[in-house]
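Student: My questions concern the predicted model and sequence given below.
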Amino acid sequence: MQRRELLFLTGAALALVPAALRAQGREVREVVLGRPDAPATVIEYFSLTCPHCATFHRETLPVIKRKYIETGRLKWVLRDFPLDRYALVAAVLAHCAGPERYPAFVETFFETQAQWARSPDPVAALRTLAKLGGLSDEEMDACLADESMVDGILRMRLEGERTFGVDSTPTFIIAGQRHSGAIPPAEFERLLQPLFARDG
């Protein structure tokens, strides 16, 4: 789905929010897991409605975190690549929580994806989860109405398309190469090995 279509789909919802709640100017930026100065980097592009992304975050990423990220060997860069309106709404709510809580929101949305994404009202279900995570209705209304946040997320997606040719999720940029799909732990570790060749 193209940026213009995503903006159109969110337009009706944004129009319902009072103008006083808009223009909060919250900054949307990529969030990093691990040491910012780690010797190796992986960039992940994901959509919060993508089942393959949820599988990766459930089965592979915990292994990579334990063996590489938490040990200071790998910096993991999280970048949103929403594939539909609900993924965009989920991304806005995750960023609304702030960079410190963003990873936890992403993991929660992936863990519960099968429930909220298939509910009669996915936005309401997402808001319920976000409220459990500490966001107030006022904060959510302001973030969802903040066009700078929506635009920041869509710019992140556009950068992935233009710079790396990302066209599906999840996509990982490893040593400048693009890899896609819910890659199992052992296979992902093989992809990481060239990054640590100098370690001996």
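Tutor: Now that the structure is in, tell me what you want to look at. Residues are numbered from 1 along each chain as shown.
Student: who touches the residue nearest the centre of the chain in this structure?
Tutor: What sits nearest the mean C-alpha location of the chain, by CA atoms, centre = their mean, is Asp80, with 3.8 Å. Taking CB atoms under 8 Å, 6 or more residues apart in numbering, we find Asp80 in contact with Tyr45, Phe46, Ser47, Leu48, Ala87, Ala91, His95, Ile153, Met156, Arg157. C-beta: built from backbone N, CA, C; applies to glycine.
Student: Return the set of residues that bridge with it.
Tutor: Beta-bridge partners for Asp80, by DSSP bridges, are Phe46.
Student: picking up where we left off before, tell me which two in the contacts of Asp80 are the farthest apart.
Tutor: Greatest spacing in these, by CB to CB: Tyr45 and His95 (15.2 Å).
Student: Where does the prediction get shaky in this protein?
Tutor: The chain contains residues with pLDDT under 70 at 1-26, 198-200.
Student: about what we covered before: for the residue nearest to the centre of the chain, give its distance to Glu189.
Tutor: Plainly put, Asp80 is 25 Å away from Glu189 if you go by CB to CB, to the nearest Å.
Student: by contact count, what packs against the host helix or strand of Ala87?
Tutor: Per DSSP states H and E, Ala87 falls inside helix 85-96. Here helix 85-96 touches helix 3-15, strand 74-80, helix 102-111, helix 122-132, helix 137-144, helix 147-159, going by 3 or more CB pairs under 8 Å, 6 or more residues apart in numbering; DSSP states H and E.
Student: Perfect, I'm done here.
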